[in-house]
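>>> Have a look; sequence and predicted model below, questions after that.
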Amino acid sequence: MPELPEVETVRLGLEPAMVGARIDKVELRRPDIRFPFPPRFRQRLEGRRIVKLGRRAKYLLFHLDSGETLIAHLGMSGSFRIEDATPGAFYHERSKDPKHDHVLFHLDNGRVVTFNDPRRFGFMDLVGKGGLDAHPRLKDLGAEPLAADFDAHLLAKLFQGSRAPLKSALLDQRKIAGLGNIYVCEALFRAGLSPLKQAGVLSDARGRPTRAATAVAEAIRNVLEEAIEAGGSTLRDHRQTNGELGYFQHVFKVYDREGQPCLRERCRGVVARTVQSGRSTFYCAICQH
DNA sequence: AACACCCCCTGTCGGC
DNA sequence: TGCCGACAGGGGGTGT
C-alpha cells in the first residue's frame, strides 16, 4: 500500500543498489502495465547510469546520465525487489511466483531489480530533460507534506472556504500530494478532527490558520515521519525491497479497526467505518470532532 | 469548481 | 470444498 512513506521506504531501499550503477539490460515481460511503456523504453534505459533516485509525492524518479528520468508509480500493489544475479541469493517468498514480475533491470553491479505488480495499476514513463514538471502526472501535484514550508499557514491557504469533507480534501493530490487513505485516517485521528468536517475549518475568514490547522499539519508530519522511520506499513502483501515487512501497520490507531475500541487514552469510543467518495473512512466519533 | 460514481486488474476473505 | 460478492493501498475520466 504505497502511500508516501512506503514509496520513500522503497526509494531508500533502492538507492544503495541503484545509484551509480549502469543498466545493462532491461527485460520487459509485457507491453503495458496500467499504460503502455513509452517508445523505445528498453533502448533508452540500457547503457545508462542512474545518477540519482528521487521522489515526488508517490512517484519514484530515477534520474539517468542521459538527462532523461524514469518515472515509476506503484499503484496499489506494485513493489520492487533487489536480488543478487547469483541464482538463489536473496530469493525470497515473492519471487517464487514470477507471474507478476513485469520489468527486470539487470545492473552492472551484479544486481537485478524487479518490478512486480499484480493489479497493474502502477506505471512507468520516461521523460526528457526539463520535462519533469510538465509531465501530465506530475504537473498538477500539490504540496509535499514533508517539505520545510508545509505548515498550518499553508493548509489554511489551501482549504480556505472549502466545503469538501476533511477526508476528501486531504486525499486530493492537487492540494497535498502523497497522503493516501490510511495516513489521512491516521492523521485526522491524531489531530482529533472528524473526517466529516468541512476542510474550511482549517482557516478563519481572513485565511489565517486555526488551531485545527496546526493540529492537522503536525499530525500529518508526525505520522509520515514515524511511518518512514518504521520502514513503511504493510497491508496484505506490501514489502520493502529486501522482502521484509514494514512495521508501521502495527501502530495503526483507526485504519481497518472498525468495531474495535478507540485507542486514545481514557476514550470509551469504538472505531466507526463510513464511506466517503467511495473509500472507507475509519474514525472515532467520540474523540474526533 | 467540486462532487459522486465508475473503471482499470488481481487477489483475498467471509458467508453460504 | 467451492462459488460469489465485497473489498483493497491509487488515480483517471465522465457526468452532474
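That came through, no problem.

>>> list the contacts for whichever residue of the stretch 101-250 of chain A sits closest to DNA strand C?
Nearest to DNA strand C in the stretch 101-250 of chain A, going by Cβ to the nearest atom of the strand, is residue A:180, at a distance of 1.7 Å. Using the backbone N, CA and C atoms, a C-beta is placed for each residue, glycine as well. Residues counted as contacts of residue A:180 (Cβ atoms under 8 Å, 6 or more residues apart in numbering) are A:1-4, A:58, A:171.

>>> Report the separation between it and residue A:172.
For residue A:180, the distance to residue A:172 under the criterion Cβ to Cβ, to the nearest Å works out to 12 Å.

>>> excluding its backbone neighbours, what's nearest residue A:175?
residue A:142 (4.4 Å; Cβ to Cβ, 6 or more residues apart in numbering).

>>> Would you confirm that that neighbour contacts residue A:176?
Yes: under the criterion of Cβ atoms under 8 Å, residue A:142 makes contact with residue A:176 at 5.1 Å.

>>> Spell out which residues are contacts of both of those two.
Any residue near both residue A:142 and residue A:176 by Cβ under 8 Å, 6+ apart counts here, and that gives residue A:158.

>>> ok, the two, which is more surrounded?
Looking at residue A:142 and residue A:176 with other Cβ atoms under 10 Å, you find the greater number of neighbours at residue A:176, namely 25 against 16.

>>> can I see the domain layout of chain A?
A:4-134, A:152-284 (automatic domain parsing).

>>> any weak-confidence spans in the stretch 1-150 of chain A?
A:1, A:86-97 (pLDDT under 70).

>>> Helices along that one, start to end?
Assignment of helices within the stretch 1-150 of chain A using DSSP state H, counting those that start in this stretch yields the ranges A:4-18, A:41-45.

>>> And the shortest one, what does it pack against?
Helices and strands touching helix A:41-45, as assessed by 3 or more Cβ pairs under 8 Å, 6 or more residues apart in numbering; DSSP states H and E, comprise strand A:23-28, strand A:123-127.

>>> among the ones you listed, which is nearest residue A:115?
Proximity to residue A:115 (Cβ to Cβ) singles out strand A:123-127 among the helices and strands packed on helix A:41-45, at 7.5 Å.

>>> Show me what the closest one is packed against.
Packing contacts for strand A:123-127, counted by 3+ Cβ pairs under 8 Å, 6+ apart, involve helix A:41-45, strand A:69-73.

>>> want to throw those into JSON lines with mean neighbour count and distance to residue A:216?
Written out in JSON lines, the entries for the helices and strands packed on strand A:123-127 read as follows (neighbours: other Cβ atoms under 10 Å; distance: least, Cβ to Cβ, whole Å):
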{"stretch": "helix A:41-45", "mean neighbour count": "16", "distance to residue A:216": "40"}
{"stretch": "strand A:69-73", "mean neighbour count": "22", "distance to residue A:216": "26"}
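
>>> closest to DNA strand B out of these?
Of all those, it is strand A:69-73 that lies closest to DNA strand B, at 11.8 Å by Cβ to the nearest atom of the strand.
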